[in-house]
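> structural data only, the sequence is not supplied:
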C-alpha cells in the first residue's frame, strides 16, 4: 500500500528489459521461488501500440542465448499486445533476425493469474523461430485465465511465427520452436471468434513447430496451424483426468521416461488443486509407505490426509482409518511411540488401495496371469512396511469393518504381512487383504500377519494374493503359535 497510494492495485512492474534497450540475453535462475502480485501492464497512448511498448510480461523479450528457469508466479497480471506472464516474446529483438537458442524451463503460472492482449498466453505472448537455433519452452504449466482482445488466447504461447525481417524475404527460419512436456489448464476466451483459442498455441505460421508430449484441456484444440511444419505428439485430456491421483498419472506422461518425480510429480502437498507440480531439490524422498507416514505425522503433507480424532485407548475412542495415508500413519506412529499405539483400538471406515500411484507416479497394470487380479507390475507399488515391523508385534484390536486393503507390496527380511505379527491378546477381524504381493526372504509370511501368538484372527479373507515365506507361508497367517486361533476366514 505504501507504493500504491492505498489504491489496492500492485505497483506496475518495470519489465525486464525495457523495450528500447533490446532483449534479455543472460540467465535468470528463479531458484524455484515465487513472484506474487506482479503487474506487467502496457498502457499504450490512446490505445495505439508501438514497437517500444507492445510486449508485456516479467520479461518483455528474450534474445539469443537467454535462459529463464525455475520461476513461479501467483496473483500476477500481464497486459499488452503480446503478453505472457513470463515473457512477452521469446526470440525477439527490437528489429532484426534473432539467432535463437533461447529457453524458458520449469516455470509455472498459477490459477489466480490473468493475461490480456492480442496474442495472450500463460507463458509467452509470442515465440519467434530463431534464424538457426531453436526457441524452447519446456516443463512449464499455466492455469491462468487468458482473455484475448481479438480472436486469440492460448495456454502456453499466443503465437509461434517468424520475425518481421523474414516476412519480406519469404524465408522459413531454420531454427525450430520446441514446446515440450508442458500443460495448460486455465480458462481461455476471445471476443471476436475462437479460431485461435487453443490449449497450447493460438496461431502457428511460417515456422517449424514441435509440440512434444504436452497436455491441454479437451474443450479446445491444441493448436491452429496455418502454415509451416508441425510435429505434434500432444494430447487432450479432461481437467478431471489431469487431476487423477493428484496429478501423478499426468506426471508420468510429462516425465516421458525420465526418472519418476525428477521433473514432474503429484501434488503431494495440496498446493495446486491436484494438478501436477514441478519437483524441487528439497522435496522429501519417498521410498516406502513409512516415509509417507512420517510426513503425515509431522504435518508435512498439507491438507492433513489423516489426522486422528481419538487416541485409540478404547473402542469408543478407536483410531478411524480411511485412507492409505492413515494406514501409513498407523505403522509409523507405532514404530515411534509403541507404548501409546501398539495396543490401540483401530477401525477401518473405507476400502484402501496401497499401490501408491500418488507417490510413485506409476499406475497398476493389468494382471499378468489369466484368472488373477494381482497387478502385473505389483513390484512397482510403493513398498509397504508391515505394521509393528520395528517392534515384536501388534497387541491391540483391528476391526476392518468389512473393508479391503489392496495392492500391498512387501518383500524382504523379517515376518511379513499387513501386520508383522499379532501378539499378547491381539485381535484382527473383518478385513480383506487383496491383490497383494507379500514375501519374507527369511521368515514367515501371511496376508494378515506373518505370525500370531496368543491372538485371534476372525472373519478375515485373503483374495488374489501372492504370499511367499522362507520358513512357512499361509494365505491368512504364516505361522500360528501358542494360544491362538483363526476362525471364519478364507
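Looks like it arrived, so ask away. This is a predicted model, so every value here is computed, not measured.
> tell me the secondary structure at residue 327.
Assigned state for residue 327: helix (three-state reduction, DSSP: H, G, I helix; E, B strand; the rest coil).
> what's near enough to touch it?
289, 321, 352, 354, 405 (CB atoms under 8 Å, 6 or more residues apart in numbering). Where you see a C-beta, it was placed from the backbone N, CA and C, and this is true even at glycine.
> just residue 60 next, same as before
So residue 60 contacts 15-19, 23-24, 87-89 (CB under 8 Å, 6+ apart).
> host element of residue 270?
For residue 270, there is no host helix or strand (DSSP states H and E).
> what is the burial count for it?
Residue 270 has 13 neighbouring residues, counting by other CB atoms under 10 Å.
> now residue 369
9.
> the helix or strand of the chain with the lowest mean pLDDT: what's the following helix or strand?
Lowest on mean pLDDT, DSSP states H and E among the helices and strands of the chain sits helix 164-169, with a mean of 55. Downstream of helix 164-169, the first helix or strand assigned by DSSP H and E is strand 177-180.
> what are the contacting residues of that next one?
The contact list for strand 177-180 (CB under 8 Å, 6+ apart) reads 91, 127-129, 134-139, 156-157, 160, 200-201, 207-214.
> show the contacting residues for residue 210.
176-180, 231-232.
> which one of those is nearest residue 58?
residue 179 (18.5 Å; CB to CB).
> dig out what that closest one forms beta bridges with.
The bridge-partner assignment for residue 179, based on DSSP bridges, gives residue 137, residue 211.
> what is the burial count for it?
Per other CB under 10 Å, the neighbour tally for residue 179 reads 29.
> residue contacts, residue 68?
So residue 68 contacts 27-28, 30, 59, 62, 86-87, 103-105, 107 (CB under 8 Å, 6+ apart).
> meant to ask about residue 343, not that
395-396, 424.
> tell me the buried residues within the residues you listed.
By neighbour count, with 16 or more other CB atoms under 10 Å, the contacts of residue 343 hold 395-396 as buried.
> relative to residue 115, which of the contacts of residue 343 is nearest.
Nearest to residue 115 among those, with distances taken as CB to CB, is residue 396, at 55.8 Å.
> wait, the closest one touches residue 338, no?
No: using CB atoms under 8 Å, residue 396 is not in contact with residue 338; the gap is 10.8 Å.
> show me where the stretch 151-300 of the chain has helices.
164-169, 239-242, 248-255, 289-297 (DSSP state H, counting those that start in this stretch).
> in JSON lines, list the ones you listed along with distance to residue 441.
JSON lines is the format used below for the helices of the stretch 151-300 of the chain (distance: least, CB to CB, whole Å):
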{"stretch": "helix 164-169", "distance to residue 441": "66"}
{"stretch": "helix 239-242", "distance to residue 441": "39"}
{"stretch": "helix 248-255", "distance to residue 441": "29"}
{"stretch": "helix 289-297", "distance to residue 441": "19"}
